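Dropping a prediction and its sequence here:
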Amino acid sequence: MVIAAAAASLEKNKEKTKAKQRYLKRKKQRRKNKPKVAAGSVSGSDDEEDAVIVPGADSEEEKDEDEVLIEQDPPQAEDKPRKEKRPKKRQKVAEDDDVEMQEPEPDLIPEDAPTIESVSLPTLPSFPLPALPDAPSKSVLALQGLDRALVGAEIVDSTGLLPIPPDGEDDGGTGLTEKTRKRLLELGIVELFAVQTTLLPFLLPRNPLQRSLYLPFDPPRDVCVSAPTGSGKTLAYVLPIVEILSTRIVTRLRALIVLPTRDLVTQVRETFEALGKGRGLKIGTATGQHSFSHEQSQLVADKTTQLAGGSSRIDVLICTPGRLIDHLNGTPNFSLQHLRFLVIDEADRLLAQSFQEWLVQVLAATRPPSDETSFAGGLPQHHDAVAPAFRSLLSYADIPSFVTERKESSCQKLLFSATLTRDPGKLSALELRDPKYFVVQEKSDGPAVLDVAMDKFTMPATLTEHMLVCESSLKPLIFFHLVYKHNITNALVFTKSAESTTRLVRLFDFFDARRRMGTGGDPSAFVARAYSSDLSAGERKSILDKFKAKEIQILVCSDLISRGIDISHVSHVVSYDVPVDMRKYVHRVGRTARAGRAGDAWTLVEEQEARYFKTMLKQAEHLEKVKRMKVGEKDLAPLAVYYEGALAQLKESYSR
Ligand SMILES: Nc1ncnc2c1ncn2[C@@H]1O[C@H](COP(=O)(O)OP(=O)(O)OP(=O)(O)O)[C@@H](O)[C@H]1O
């Protein structure tokens, strides 16, 4: 049975094998007979056929067989149909081209006419590749949105000087009266600096009518001045104010000078008093240093009766903005309607100060109110006491028309800074009248207005600048080394805070005492003192006076006196802590190298601050002007022992 079954199975397999062989033979035959066409187009149908005809066929085998068959075919056999097909494709392209180029009638074509294949047709110009537009340059961006008047600024060469003739009628082109010239010469000023020679003809025109106290029909243009530190900006506004106000008969508040600090108020007052000596001008200050009622009594003559024209004991008021607002709001008869000059010195700093919107209030007080309300104080007895621009508001019934005609305020605004702002927003807050800009700077290759626009500030030509990168822990020791090595006296040392001024002075005192002991009682003791807002106004004044008298050699201070302070003998400025921005740097280093004198500025930079500081200088295009300094360990070694002792002493003094 088993044998019979096995024989049947064998027979069946034989039949199957035979069937397969027949199938393969047929397939081979079919391939041979198959018309020669592109391989890709036929192969798919073949496979489909296989799948239908021989469902039981082993697919692996089939594949092998196919591969064999393909190998057997000569490669030309496959290539041939492709070669035949190509012209067809070209024809298709030609047909497409016909859309544009109509084929000529065959009869019209001369025999020797070039065929379309033989003519090389001109190719169409290719489209330009997409490209990004060039980014606008830094300078173009800087000029965007800039005040038109600033773009048209008058650039003044900082080296220009104008000698003042010793005596006689000739003013030497200065426009100054003989009295003023004499006074200048008495003060040792024999020539005018560039900022003064530029500003004087503008503020003191030859035409005496334009020097009037009131110019209601032809109000003067406002002025903005950017000039380096120590270039004589103070005298540039004090001189014309003294000249014009000296012609007055009645005392009115005609010049208002606003400054950021009390120290600067004192300094500018001294300049006014020195220049205005013998001219009969009364000068007052308001800083909050004295009681409010004391200041009131200095400013106004009559506090009891309200007067439309105000009442003033002084011609010139020099003040800080805070105290000015206090008087505007709280002192009866304190009026700014007669102002001929409004000076904003260190303008960029003051414009950044929003104290009670001081600027808005001051500007409003210089012009008549727009709502046409009469003066709250009732009818003034003498209407000539009211400034011309304010007279239209008087409620007289029989007032002549020329009095009621609207006139403009004669107040001329003068803005000064070594780092004048270019911020259009801040400048517009000043409501400048047809402003004229003057930029005093060294000759430069590029357009000078760009320097202003891009916050590139001019430094005094006589200033030398250094930077020294050091480890934080060694900074005090390096500072002491510099003091002794260069025998620094008359130095201003800036730190970042009031607290750090005190600490550095203490450490220096401990160190100096130890050093003197260690060197056998060296008599050359350095006197160092701290100067900051932690001190009372009286203490500050006393310390500043001692420094000016050279009783103090090293004044360690906060940024409180980094602006405007003028101490002629300062030979070194040390930024013990790096300044936070370029403006601060400019003002700090500008405390030396003033009025054409030489000066040195050093900045101690901790390693982690170096990148920031260098970037700041680079952006102001000033990095290459600051020389690098190095102090070796060898230099520090002899002082290290005193330093360690001083540090321990300081620690102990704070822990007590
Ligand atoms: N024509 C001049 N001849 C000699 N010295 C002058 C002259 N003009 C000004 N000075 C002196 O130059 C010094 C600097 O002047 P001033 O304080 O006005 O500078 P500044 O431009 O206001 O500086 P800063 O921007 O730092 O406030 C002062 O001591 C001043 O007396």
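Structure received.

residues from the protein in reach of the ligand?
189, 191-193, 196, 227, 229-235, 418, 564, 566, 568, 590, 594-595 (C-beta under 6 Å from any ligand atom). C-beta here means a position set from N, CA and C on the backbone, and glycine is covered the same way.

wouldn't residue 367 be in contact with residue 409 here?
Yes. Under the criterion of C-beta atoms under 8 Å, residue 367 makes contact with residue 409 at 4.6 Å.

Which one of those two is surrounded by more residues?
Legend: neighbour count by other C-beta atoms under 10 Å for residue 367 and residue 409, higher for residue 409 (24 against 17).

Make sure the more buried one is indeed in a helix.
No. With DSSP: H, G, I helix; E, B strand; the rest coil as the criterion, residue 409 is located in coil rather than a helix.

filter the residues of the chain next to the ligand to the buried ones?
If you count burial by 16 or more other C-beta atoms under 10 Å, the buried members of the residues of the chain next to the ligand come out as 189, 192-193, 196, 227, 229-235, 418, 564, 566, 590, 594.

Please flag which of those sit within helices.
196, 233-235 (DSSP state H).

any idea how far the one residue sitting closest to the centre of the chain is from residue 423?
Taking C-alpha atoms, centre = their mean, the centroid of the chain lies closest to residue 455, which sits 4.5 Å from it. Separation of residue 455 from residue 423 (C-beta to C-beta, to the nearest Å): 10 Å.

picking that back up, go through the residues of the chain next to the ligand and flag which are in strands.
Members of those lying in strands (criterion: DSSP state E): 191-192.

what residues are shared contacts of residue 367 and residue 409?
residue 389 (C-beta atoms under 8 Å, 6 or more residues apart in numbering).

which residues in the stretch 351-500 of the chain form strands?
Taking DSSP state E, counting those that start in this stretch as the test, the strands found in the stretch 351-500 of the chain are 412-417, 436-441, 463-470, 491-494.

average pLDDT for the last one?
Model confidence over strand 491-494 averages 97 on the pLDDT scale.

With stretch 598-609 instead?
The average pLDDT within stretch 598-609 is 96.

same thing with stretch 331-351?
94.

Centre of the chain to stretch 229-242, how far?
Averaging C-alpha positions (C-alpha atoms, centre = their mean, to the nearest Å) puts stretch 229-242 25 Å from its chain's average.

Can I get it in CSV, CA atoms only?
Coordinates of each C-alpha in stretch 229-242 appear next as CSV, following Å, rounded to 0.1, in the frame of the first residue of the first chain:
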residue,chain,number,x,y,z
THR,A,229,35.2,117.8,28.1
GLY,A,230,37.3,120.7,29.3
SER,A,231,36.9,122.6,26.0
GLY,A,232,35.4,125.7,27.7
LYS,A,233,31.7,125.3,27.2
THR,A,234,30.9,127.2,30.5
LEU,A,235,32.5,130.4,29.3
ALA,A,236,30.9,130.0,25.9
TYR,A,237,27.5,130.7,27.5
VAL,A,238,28.5,132.8,30.5
LEU,A,239,30.2,135.5,28.2
PRO,A,240,27.1,136.3,26.0
ILE,A,241,24.7,136.2,29.0
VAL,A,242,26.8,138.7,30.9
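
start at 34 instead
In the new count, where the first residue is 34, that last one comes out as stretch 262-275.

Could you list the low-pLDDT ranges of the stretch 134-283 of the chain?
Residue ranges of the stretch 134-283 of the chain with pLDDT under 70: 134-152, 171-172, 174-179.

what about the stretch 434-583 of the chain, any weak spots by pLDDT?
Within the stretch 434-583 of the chain, the ranges that satisfy pLDDT under 70 run 434-439, 477-482, 485, 554-556.

Try it again at 80.
Applying pLDDT under 80 to the stretch 434-583 of the chain flags residues 434-440, 455-458, 476-488, 552-558.

Can you say which of the strands of the stretch 384-533 of the chain is packed in most?
When the strands of the stretch 384-533 of the chain are scored by mean count of other C-beta atoms under 10 Å, the highest mean neighbour count falls to strand 524-527 (a mean of 26).

what pairs with it, and is each one parallel or antiparallel?
Pairing partners of strand 524-527, with direction, according to DSSP bridges: strand 587-590 (parallel), strand 605-608 (parallel).

Turn those strands into a markdown table, including mean neighbour count, mean pLDDT and distance to residue 365.
Formatted as a markdown table, these follow (neighbours: other C-beta atoms under 10 Å; pLDDT from 0 to 100; distance: least, C-beta to C-beta, whole Å):
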| stretch | mean neighbour count | mean pLDDT | distance to residue 365 |
| --- | --- | --- | --- |
| strand 587-590 | 26 | 96 | 39 |
| strand 605-608 | 23 | 97 | 45 |
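
out of the ones you listed, which comes closest to residue 235?
Nearest of the strands paired with strand 524-527 to residue 235, taken as C-beta to C-beta: strand 605-608 at 32.2 Å.

Using CSV, write out the CA atom coordinates for that closest one.
As requested, the backbone C-alpha atoms of strand 605-608 are provided in CSV (Å, rounded to 0.1, in the frame of the first residue of the first chain):
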residue,chain,number,x,y,z
HIS,A,605,45.4,111.2,36.6
VAL,A,606,42.0,109.7,36.4
VAL,A,607,41.8,106.1,37.5
SER,A,608,38.6,104.1,36.8
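
For that strand, which outside residues touch it?
Contacts to strand 605-608, defined as C-beta under 8 Å, 6+ apart, come from residues 512, 515, 519, 521, 523-527, 618, 621-622, 624-625, 632-637.

Select only the buried ones of those residues in PyMOL?
Selecting the buried subset of those in PyMOL, with 16+ other C-beta under 10 Å as the burial test, is done by:
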select buried, resi 512+515+521+523+524+525+526+527+618+621+622+624+625+632+633+634+635+636+637
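
Can you tell me which of the contacts of strand 605-608 end up in helices?
Counting by DSSP H, the part of these found in helices is 512, 515, 618, 621-622.

Quick one: residues contacting the closest residue to residue 229 other than its chain neighbours.
Once flanking residues are discounted, residue 229 sits nearest to residue 269: 4.6 Å by C-beta to C-beta, 6 or more residues apart in numbering. Residues near residue 269 by C-beta under 8 Å, 6+ apart: 226, 228-229, 231-233, 258, 260, 449.

7 Å - rerun?
Counting by C-beta atoms under 7 Å, 6 or more residues apart in numbering, residue 269 touches 228-229, 232.

element containing residue 669, please.
Assessed by DSSP states H and E, residue 669 sits inside helix 666-688.

who does that helix touch, helix- and strand-wise?
Packing contacts for helix 666-688, counted by 3 or more C-beta pairs under 7 Å, 6 or more residues apart in numbering; DSSP states H and E, involve helix 508-518, helix 531-551.

and it with helix 508-518, angle?
Helix 666-688 and helix 508-518 are oriented at 120 degrees to each other (axes from the mean of the first three to the mean of the last three C-alpha atoms, to 10 degrees).

Tabulate the CA atom coordinates of helix 666-688 in PDB.
C-alpha atoms of helix 666-688 as PDB (Å, rounded to 0.1, in the frame of the first residue of the first chain):
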ATOM      1  CA  GLU A 666      54.400  89.600  39.400                       C
ATOM      2  CA  LYS A 667      57.900  90.800  40.000                       C
ATOM      3  CA  ASP A 668      56.700  94.400  40.400                       C
ATOM      4  CA  LEU A 669      54.000  93.400  42.900                       C
ATOM      5  CA  ALA A 670      56.200  91.100  45.000                       C
ATOM      6  CA  PRO A 671      57.800  93.800  47.200                       C
ATOM      7  CA  LEU A 672      54.300  95.200  48.100                       C
ATOM      8  CA  ALA A 673      52.600  91.900  48.700                       C
ATOM      9  CA  VAL A 674      53.500  91.600  52.300                       C
ATOM     10  CA  TYR A 675      52.000  95.100  53.200                       C
ATOM     11  CA  TYR A 676      49.000  94.300  51.100                       C
ATOM     12  CA  GLU A 677      48.200  91.000  53.000                       C
ATOM     13  CA  GLY A 678      48.600  92.800  56.300                       C
ATOM     14  CA  ALA A 679      46.300  95.700  55.200                       C
ATOM     15  CA  LEU A 680      43.700  93.200  54.000                       C
ATOM     16  CA  ALA A 681      43.700  91.400  57.400                       C
ATOM     17  CA  GLN A 682      43.400  94.800  59.100                       C
ATOM     18  CA  LEU A 683      40.500  95.800  56.900                       C
ATOM     19  CA  LYS A 684      38.700  92.600  57.600                       C
ATOM     20  CA  GLU A 685      39.100  93.100  61.300                       C
ATOM     21  CA  SER A 686      37.900  96.700  61.200                       C
ATOM     22  CA  TYR A 687      34.700  95.600  59.400                       C
ATOM     23  CA  SER A 688      34.100  92.700  61.800                       C
END
